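Participant: Sequence unavailable; structure follows:
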């Protein structure tokens, strides 16, 4: 097994909550090199604005630099193995969002949550080490569909709400 997918009990740190993980994502995407924020990001993005929302993506971030292609990253956060196994049994949950993303990530609090052979080929993996998120497997570039305006409205609403929380 690859060292990227394994850990030992002696390496395990404190248990992290979903909120802790979302805070780590905010930290990762809070890049401001002096010429403005590189990313716009949001926690808990609904699938649609209004009452039609069926699902929620844990986190989205859009790169605002045209030189990088303006990619949209979607993130599914998992803090327990059982939650990950539920996700694997219901791929339609992630697919509702992933079809509109340039990159899709699984973000775990512990590398033992996902086994090497379980991660879908079109997902990247970020894990926590030393209190920071590290890429364990790069997310492949996806070919996204245009985002429906109702989802775009939900994303903009979530960006505004997240900005107000920071």
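Facilitator: Great, that's in hand. These numbers were taken from a predicted model, which means no experiment stands behind them.

Participant: Please make it C-alpha for all contacts and neighbour counts, starting now.
Facilitator: Will do.

Participant: Give the full set of residues in contact with residue 109.
Facilitator: 15, 16, 21, 78, 79, 80, 127, 128 (C-alpha atoms under 8 Å, 6 or more residues apart in numbering).

Participant: Now, of the residues you listed, which are buried?
Facilitator: Using 16 or more other C-alpha atoms under 10 Å as the burial test, the contacts of residue 109 include 16, 21, 78, 79, 80, 127, 128 as buried.

Participant: how about the strands in the chain?
Facilitator: Per DSSP state E, the chain carries strands over the ranges 39-46, 56-63, 72-78, 103-108, 124-129, 132-137.

Participant: how about TSV for the contacts of residue 109, with distance to residue 72 and pLDDT added?
Facilitator: Shown next, in TSV, are the contacts of residue 109 (distance: C-alpha to C-alpha, whole Å; pLDDT from 0 to 100):
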residue	distance to residue 72	pLDDT
15	29	85
16	25	93
21	19	97
78	20	97
79	23	96
80	26	95
127	19	96
128	22	95
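
Participant: and of those residues, the nearest to residue 97?
Facilitator: residue 78 (16.3 Å; C-alpha to C-alpha).

Participant: and that closest one, what are its bridge partners?
Facilitator: For residue 78, the beta-bridge partners under DSSP bridges are residue 108.
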